[in-house]
Structure formats: structure tokens, C-alpha cells
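> What follows is a protein structure lacking sequence information:
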């Protein structure tokens with residue numbers, strides 16, 4: 001029978017959703033509401049982020065590894081334990097530093113990561129040792145995203161159910177089963193599971209049947225226990241729920257009661273969500289801090305989607321008007337401060353300046369510092385730290401993730417060298433901030449042939465000096481959206497203003513077509529780029545021979561891709577038909593005076609230089625006669641950017657890159673992975689001492 005809400009019009013859906021504080025339901029929402037209404041309100045209505053413990057991240061990393069394992073297996077490929085560990089570790093590496101939950105046993109981010117890696121390794125090892133528990137004949141579906149209207153206990157639920165089902169498979173005994181992977185510190189009590197797990201099973205059962213239109217015989221919950229069993233028993237315990245007709249009716253009824261109460265509460269904007277004082281799974285200090293926040297805050301202070309802001313704003317106004325009428329807001333604010341004091345290791349809720357947070361978090365780690373100066377840059381602030389006497393400066397570098405967590409930013413960059421400021425040396429910590437202004441391209445920054453690159457955090461001009469023989473060529477790297485292309489544009493524009501004689505743009509990705517003019521030539525096809533580079537080498541050799549100089553700038557965008565597409569090996573051979581002798585004449589031909597016919601053969605007459613070799617020649621010899629080369633790439637590959645290549649590019653600029661290894665390839669040290677994009681860059685140049693962080697110019 002068709003679901004009552006399945007085929008509504010767009011306007012009818014909008015009207016329906018406007019009556020609820022949430023857009024969907026799930027088993028986790030129902031479970032959260034039944035256990036602790038205030039925790040449900042915080043997570044699912046106001047969408048306040050929960051920190052992730054090391055055990056939670058380990059479980060998610062384990063899930064990700066198993067997802068890839070079963071997807072590969074479905075396609076006939078077996079992934080080994082090393083590959084699964086790589087997948088899991090990559091997931092852990094990508095956890096935002098602000099998402100980690102620090103606890104007594106893991107008071108630093110570093111310890112969180114180490115514990116997570118250890119737990120994840122155990123989970124994956126357990127999986128391979130106990131893989132027989134799966135007993136599967138065929139993988140049907142992996143990681144199914146379900147967004148369906150469901151009927152529970154005979155009632156059409158007016159919001160769609162959202163869920164992700166780990167696995168649907170056929171067993172060797174002919175059953176179709178849903179499988180849910182769980183990671184556990186200890187196995188659940190089977191007697192308790194018998195009563196509680198049916199509600200989750202029935203949610204999966206209805207979702208999969210509605211989505212895939214197939215019959216499900218059983219739902220399996222496979223618990224993987226992290227710690228080793230002393231008795232040598234299996235580390236994976238399977239709890240199987242049979243989906244018989246009677247069980248379906250029973251679990252429907254069990255699920256419907258809390259689901260109905262949750263739907264009622266979320267359709268009433270005035271409903272009061274209570275704190276369950278007996279809930280040991282939720283941080284009560286966090287709940288009370290959240291409660292006090294709702295008493296005095298505006299809707300903009302919460303992470304609420306635009307289409308829910310009006311209904312929740314009205315709810316907040318009623319709460320605020322009611323509380324402030326009877327309680328002095330100073331009392332509520334003081335209560336909130338007291339509650340936040342009990343939230344372990346979470347400085348983002350504390351009423352402290354960023355300087356105080358840095359000093360506090362380092363003091364808890366045994367490092368005494370004083371923030372002496374704060375320098376405000378375009379995209380980041382620099383905190384200059386005075387280290388206490390006797391403190392090893394090297395200690396501070398390993399805690400940069402903990403500092404980032406305290407400041408509630410994804411990462412911080414700590415300069416490898418000390419910063420000299422007002423004749424004193426400091427440790428410099430750079431942390432991103434909300435950008436307040438844009439550094440616009442302006443001709444006033446140009447000084448002779450010193451091409452402006454940007455301004456550093458201290459508002460000093462960063463430039464590339466074309467007249468300096470020690471800085472002839474420039475290498476630029478950065479991921480998509482990092483500001484690399486915009487930097488190239490501003491460099492070209494400043495070069496035009498500086499009166500560069502000729503500008504040639506090699507553009508295999510067709511991003512600079514609008515520059516084709518009398519003074520600027522743009523080449524896109526790889527064949528044309530190869531010809532141009534060959535011609536430029538010939539021109540350079542003539543200039544060297546005749547002692548002639550001319551300012552020629554070559555901008556080579558995405559040169560790594562061009563080098564990969566260019567001719568190599570035998571493709572560089574030039575073949576022509578060459579006479580290798582004559583054919584033997586007959587006696588009659590000789591008598592008649594007929595000339596002998598030439599014998600021809602296709603032979604290599606010349607081997608052209610490769611695009612890479614021509615580029616290297618220009619880099620090495622062209623500087624003396626005025627050639628200046630800017631090469632840019634997204635691919636920070638050691639195959640392309642070798643040590644020898646970087647010798648020819650004494651000035652290196654790197655905008656944001658995905659990983660620390662990319663930064664090391666470009667700059668020989670980490671740091672560019674901590675940048676925030678949109679022109680936030682690092683420059684390594686003989687003009688400056690060490691890496692310098694800067695904001696690049698913006699020009700459309």
C-alpha cells in the first residue's frame with residue numbers, strides 16, 4: 001500500500017517539513033531522544049557539534065576500511081590487511097583537529113591519534129582472524145544510503161527515515177541478511193541485546209525493503225571487541241535477529257512508542273526537552289552549558305540550516321524572553337561559565353582570549369610561555385611566544401595540534417626558525433582567522449623590476465626581483481582553489497607594468513586565453529608548446545652567441561601535466577627517407593645508358609630534445625640573457641619536482657596543498673598543508689631568511 005506522504009508536491013513537502021524542528025528521523029535520533037531528550041535537542045535540533053573520542057574515530061575508521069573491503073570483494077578483488085590499514089589510517093589523518101575529544105587518558109591530540117591507530121589496528125586484525133563468522137555467498141549491496149518514508153506499526157511516519165546500511169548479502173544457507181559492523185570495548189550482554197537491538201533491526205529492515213524491494217530474513221550485528229579475550233575466544237561476536245512475521249510485529253510496536261513521542265516533541269516548538277540526570281553516556285556539564293546557551297543566545301550562534309532558522313528562532317525567543325524575565329542574564333552567563341569549567345580539556349567554550357588559551361594549554365602540558373605580541377595578518381594571526389627559562393623550545397612543536405584544538409582552528413603553523421621582532425627572538429605560531437579584507441592588486445606596490453607577490457603578516461612587501469641573478473626563476477605549487485592561478489595573473493600583470501619585453505604563456509589547460517595579444521602570446525596544444533620551447537632555445541643560443549639581452553618572461557602553467565603529455569623516447573626521433581645505395585642494373589639498362597635507381601630507406605636523421613630537456617636548458621643558460629621563467633603545477637610529485645629541478649628554481653612559492661609530504665616536495669619542509677587557501681602562501685627565496693608566510697594579491 002502506498003505511503004501517505006510518498007507522492008506530495010514540492011510545496012506540500014515544504015509545508016510538511018515546516019511543521020517539524022527536524023527534517024528526518026533515524027534509529028540513532030529515536031535512541032538519543034529516548035535516552036536523554038536534552039542531548040537529542042542539542043545534537044539534532046541545534047546541531048551543536050560533539051567531539052569525537054579516540055574509540056569513536058577508531059570505530060569509524062574500521063567502518064571505512066570494511067566499506068572498501070566489501071566493495072572490492074563485490075567486484076572480485078580481495079584487499080589484504082595492509083591495504084585496509086592504509087585506508088583506516090588515511091581516514092584518521094583527515095579528522096579535523098577540532099573534532100577530537102580530549103579525555104583524562106588522552107589529554108593531547110597526539111595521544112588521541114596514537115590510541116586511535118592502536119585500536120584500529122586491533123579491529124582490522126580481529127576482522128581478518130575471524131572473517132569466517134561472515135559466511136557469505138554473495139555481496140548484494142555495500143553502504144546503502146536510504147532516505148525513504150516508512151510505515152511503522154501500521155502508521156505512516158510523516159518524515160523520511162535517513163540511514164546508511166553497512167552491508168546486504170546472501171549467506172551460504174540461502175538467507176538474505178543485513179549486516180551492521182560494530183566496534184566495542186567489551187561485548188554487549190546478549191540478554192540485554194535481545195530486548196533492545198530489535199528496534200534498530202526493524203529500522204534497517206523497513207528501510208532496505210522500501211529502498212531495494214527485497215525480502216530480508218535476518219539482521220546481523222557483528223561486534224568486534226578491541227581488547228584481546230584472555231580465553232582465546234573469537235574477537236567478533238554475531239548477534240542475529242530473525243525477521244519472522246511475529247518478530248516484525250513485535251519490533252514495530254517497540255520502535256513505534258519512542259518514535260511517536262519524538263515526532264510529537266519535534267512538531268511542537270514549545271516542547272521542553274528534559275535532562276536525564278541518570279544518563280552516563282552524555283557529558284552533563286556539556287548539556288548544562290548548552291542549556292544556558294539557549295537562554296541567552298541568538299539563532300546565529302548555532303549551526304542551524306537556513307530553512308529551519310525561523311521556527312527555531314521563534315522557539316529561542318520564547319525561551320529567552322521567559323528566562324530573562326525571571327533571571328538576571330549575568331547569573332545565566334555565570335552559570336554557563338561554571339558549567340564549561342567541567343568540560344574536560346575543551347577551551348573553545350571558555351571565555352578566554354586566544355593568547356590565554358595558548359598559554360593555558362601549553363602550561364597544562366608542562367610548557368610555560370607568555371604571548372608577548374599578536375600580529376594581525378590578512379588570513380591569520382601570528383602569536384609571538386616568549387619561552388620560560390629552562391624550557392626546551394623543541395617541545396612546543398609536537399603540540400601544535402593541541403594548540404589548534406584550543407584555538408578551535410583546523411591547524412596551526414609553528415615556524416621552524418625563531419622570529420626576530422623588535423630586536424628580540426620569539427617562537428612564532430600562526431593560526432587562521434576570519435578574513436576581514438582582501439589584498440587587491442595595486443600598481444603602487446611595483447618597484448622597478450621587483451614583481452610584487454604579496455604582503456607578509458607584518459605587512460611587509462614580498463617580491464620576486466627579476467634583476468637579481470640569484471633569483472631568476474620561480475616555481476609555484478598549490479591545490480585547486482589555493483590561489484595559484486590568481487597569483488600567476490597578478491605576476492603577469494605586474495610584469496606588463498614593469499615593461500617586460502615579451503611574455504609567453506604556455507597554457508595546456510586553456511585558462512589564459514584572454515591574454516593572447518601583440519605583447520603576450522599564449523600556446524595551448526602540447527605540440528605547439530614543444531615547438532615554442534624548441535624555438536626559444538634556438539633564440540637563446542643566438543642571444544648568447546651575439547651578446548644580446550632581452551627581458552623575456554615565460555609563464556608555464558601546469559608544466560607537470562605538459563611534461564607528462566610531451567614526446568619521449570623514440571617519439572623524438574626524426575625519420576626521413578635516405579639513399580643507402582643503388583639497385584643493380586641489368587645488362588640492357590647499362591647498354592641503353594639508364595641511370596641506376598636509388599635504394600631508399602627510412603632512417604633516424606635527428607633526435608629532438610624533449611620538452612623537459614629544453615626547459616632545463618632555458619632555466620640553466622637563459623638567465624644570463626634575460627629569460628625569466630615561472631612554472632606552476634598542482635602536482636607536487638618528486639618525479640617532476642626533483643632536487644635538480646629545484647636548483648633551477650631558487651624562488652619557490654607554495655599555496656595550500658593536501659598533505660605535509662606535498663609541502664616537503666615543494667619547499668623541503670612542512671607547513672603548506674596548514675594554509676587556508678585563497679592566496680595564503682609560503683615563499684622560500686634567497687631574498688628572505690627561512691620560509692615567509694604571505695597573502696597574495698587578488699586580481700580578476
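Received it, and whenever you're ready, just let me know what you need. Note that the structure is a prediction, hence the values are computed from the model and not measured.

> For the rest of this, base every contact and every neighbour count on C-alpha atoms.
OK.

> how is this structure carved up into domains?
Using automatic domain parsing, the domain parsing of the chain gives 51-129, 284-341, 352-432, 443-565+608-696.

> Return the distance of residue 647 relative to residue 51.
45 Å (Cα to Cα, to the nearest Å).

> Centre-most residue in this protein?
Central residue of the chain (Cα atoms, centre = their mean): residue 94, 6.3 Å from the mean position.

> Same list as before, the domains of the chain that is, but in JSON lines and with distance to residue 5 and mean pLDDT included.
Formatted as JSON lines, the entries for these read as follows, by distance: least, Cα to Cα, whole Å; pLDDT from 0 to 100:
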{"stretch": "domain 51-129", "distance to residue 5": "32", "mean pLDDT": "93"}
{"stretch": "domain 284-341", "distance to residue 5": "20", "mean pLDDT": "79"}
{"stretch": "domain 352-432", "distance to residue 5": "41", "mean pLDDT": "89"}
{"stretch": "domain 443-565+608-696", "distance to residue 5": "42", "mean pLDDT": "89"}
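
> Please tabulate those domains in a markdown table, including the columns distance to residue 16.
Shown next, in a markdown table, are those (distance: least, Cα to Cα, whole Å):
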| stretch | distance to residue 16 |
| --- | --- |
| domain 51-129 | 32 |
| domain 284-341 | 13 |
| domain 352-432 | 37 |
| domain 443-565+608-696 | 39 |
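
> Please enumerate the helices of the stretch 151-300 of the chain.
Under the criterion DSSP state H, counting those that start in this stretch, the stretch 151-300 of the chain carries helices at the ranges 190-212, 245-266, 284-296.

> Please name the residues that touch the closest residue to residue 16 other than its chain neighbours.
The spatial neighbour of residue 16 that comes closest, neighbours along the chain excluded (Cα to Cα, 6 or more residues apart in numbering), is residue 158 at 7.8 Å. For residue 158, the contacting residues are 5, 16, 149, taking Cα atoms under 8 Å, 6 or more residues apart in numbering as the criterion.

> Quick check, residue 274 in contact with residue 34.
No - in terms of Cα atoms under 8 Å, residue 274 does not count as a neighbour of residue 34; the distance is 10.7 Å.

> Could you check which of these two has the larger neighbour count?
The residue with more neighbours, out of residue 274 and residue 34, is residue 34; 16 against 13, by other Cα atoms under 10 Å.

> Quick check: which element contains that one?
Secondary structure from DSSP states H and E places residue 34 in helix 27-35.

> Give the buried residues for that helix.
Judged by neighbour count using 16 or more other Cα atoms under 10 Å, the buried positions of helix 27-35 are 27, 29-35.

> Next secondary structure element downstream of that helix?
helix 37-40.

> helices or strands next to that following helix in the packing?
Packing partners of helix 37-40 (3 or more Cα pairs under 8 Å, 6 or more residues apart in numbering; DSSP states H and E): helix 27-35.

> I'd like to know which elements the helix it packs on is packed against.
With contacts taken as 3+ Cα pairs under 8 Å, 6+ apart, helix 27-35 sits against helix 37-40, helix 190-212, helix 245-266.

> weakest of the ones you listed by average pLDDT?
Averaging pLDDT over each of the helices and strands packed on helix 27-35 singles out helix 190-212 as the lowest, with a mean of 89.

> So which elements touch that helix?
If contacts are counted by 3+ Cα pairs under 8 Å, 6+ apart, helix 190-212 sits against helix 27-35, strand 136-148, strand 161-171, strand 218-225, strand 236-242, helix 245-266.

> Can you list the buried residues in that helix?
For helix 190-212, a neighbour-count test (16+ other Cα under 10 Å) marks 197-208, 210 as buried.

> ok, residue 132 - how many residues close by?
A count of neighbours around residue 132, defined by other Cα under 10 Å, yields 10.

> Next one: it from residue 165, what distance?
According to Cα to Cα, residue 132 and residue 165 sit 21 Å apart.

> Can you add distance to residue 373 and give the helices and strands packed on helix 190-212 back as a markdown table?
Listed next are these as a markdown table, based on distance: least, Cα to Cα, whole Å:
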| stretch | distance to residue 373 |
| --- | --- |
| helix 27-35 | 46 |
| strand 136-148 | 50 |
| strand 161-171 | 49 |
| strand 218-225 | 49 |
| strand 236-242 | 55 |
| helix 245-266 | 49 |
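
> any idea which of these is most buried?
Neighbour counts averaged per stretch over the helices and strands packed on helix 190-212 are highest for strand 218-225, at a mean of 21; criterion: mean count of other Cα atoms under 10 Å.

> contacting residues around it?
With contacts defined as Cα under 8 Å, 6+ apart, strand 218-225 is touched by 123, 126-127, 175-187, 201, 204-205, 235-243.

> Pairing partners for that strand, with directions?
Looking at strand 218-225 with DSSP bridges, its partner strands are strand 176-184 (parallel), strand 236-242 (antiparallel).

> That strand vs helix 190-212, what angle?
130 degrees (axes from the mean of the first three to the mean of the last three Cα atoms, to 10 degrees).

> for the record, mean pLDDT for strand 218-225?
Summarised as a single mean, pLDDT over strand 218-225 is 95.

> between that strand and strand 161-171, how big is the angle?
On the basis of the same axes, to 10 degrees, strand 218-225 is oriented at 90 degrees to strand 161-171.

> Strands of the stretch 301-450 of the chain, residue ranges please.
According to DSSP state E, counting those that start in this stretch, the stretch 301-450 of the chain carries its strands in the segments 369-376, 380-387, 412-414, 419-421, 424-432, 450-456.

> Having no further points to raise, I will conclude here.
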